[in-house]
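K.L.:
My questions are about this predicted structure, shown below with the sequence.
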Amino acid sequence: MAATLTAARQVKIAYMAIIHHPETLIDEFVIQLAEAGEEEIVLDLLAEAAAWLRSRGIEQWPTRFPSDSVRRQIARREALLVSAAGRPIATLAIADSDNELWGEDNAPAYYVSRLAVARHAVGAHLGYRILDWISDKAVQRGYRYLRLATASNNPRLRQYYETAGFEHIADPPHARWPTSLYQRDIG
């Protein structure tokens, strides 16, 4: 029984990965799974984005995410890195469920979180391109939606996602922070 459970878990983990090898996102941008040992790279990109938000009076993310949470996302093959010329410039996480915020919704979807682009890479619309790439992957997998949660008290970020084709679905009252749920129908 234990061997069967372990094999089932390995299949689930292998299935969860949105990609299994590096891919060209656009031009010189390469997207790949974050690997064990790259936790600090992910954490540094997230910390840079959090500091930029705070400099604009937006307290949306912690100064530094807990390293254990990033380590778990890497182990589950959910954490991704985008690089240009071998230099990491963006990070995000992709999951195929988010029961904490979306409940037991069974609609096939990818859930995006912790999308952060390095400040020096802003201007190439990289965030939009990443979201489009994920949408393409979701369509290939037969998924119906691309979903995310964002700060409900950050109107500029909400507008960013609405411009990217996301529709506001709800503001869940049970969330730990002021949250708005968005989805893009790609089905």
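P.N.:
Perfect, I can see it now.
K.L.:
Quick check: buried residues in stretch 118-128?
P.N.:
Neighbour-count burial for stretch 118-128, counted by 16 or more other CB atoms under 10 Å, picks out 118, 121, 126, 127. C-beta coordinates here come from the backbone N, C-alpha and C atoms, glycine included.
K.L.:
again with stretch 53-73
P.N.:
Neighbour-count burial for stretch 53-73 [16+ other CB under 10 Å]: 53, 60, 61, 65, 69, 70, 71, 73.
K.L.:
quick one: low-confidence ranges for the protein?
P.N.:
1-16 (pLDDT under 70).
K.L.:
among the buried residues of stretch 118-128, which are in helices?
P.N.:
Of the buried residues of stretch 118-128, the ones assigned to helices by DSSP state H are 126, 127.
K.L.:
Quick one: the buried residues of stretch 118-128 as CSV, columns for distance to residue 165 too.
P.N.:
Below are those laid out as CSV (distance: CB to CB, whole Å):
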residue, distance to residue 165
118, 24
121, 22
126, 16
127, 13
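K.L.:
could you say which helix or strand contains residue 36?
P.N.:
Using DSSP states H and E, residue 36 falls within no helix or strand.
K.L.:
Isn't it up against residue 73?
P.N.:
No: Residue 36 lies out of contact with residue 73 (CB atoms under 8 Å); the separation is 11.3 Å.
K.L.:
residue contacts, residue 176?
P.N.:
The contact partners of residue 176, by CB atoms under 8 Å, 6 or more residues apart in numbering, come to none.
K.L.:
Tell me which two in the buried residues of stretch 53-73 are the farthest apart.
P.N.:
Spatially, the most separated pair among these is 53 and 71, at 23.1 Å (CB to CB).
K.L.:
Closest one of the buried residues of stretch 53-73 to residue 173?
P.N.:
The shortest approach to residue 173 among these belongs to residue 60, at 18.5 Å (CB to CB).
K.L.:
Quick check: beta-bridge partners of the residue lying closest to the closest one once chain neighbours are set aside?
P.N.:
Once flanking residues are discounted, residue 60 sits nearest to residue 151: 4.5 Å by CB to CB, 6 or more residues apart in numbering. Using DSSP bridges, the bridge partners assigned to residue 151 are residue 179.
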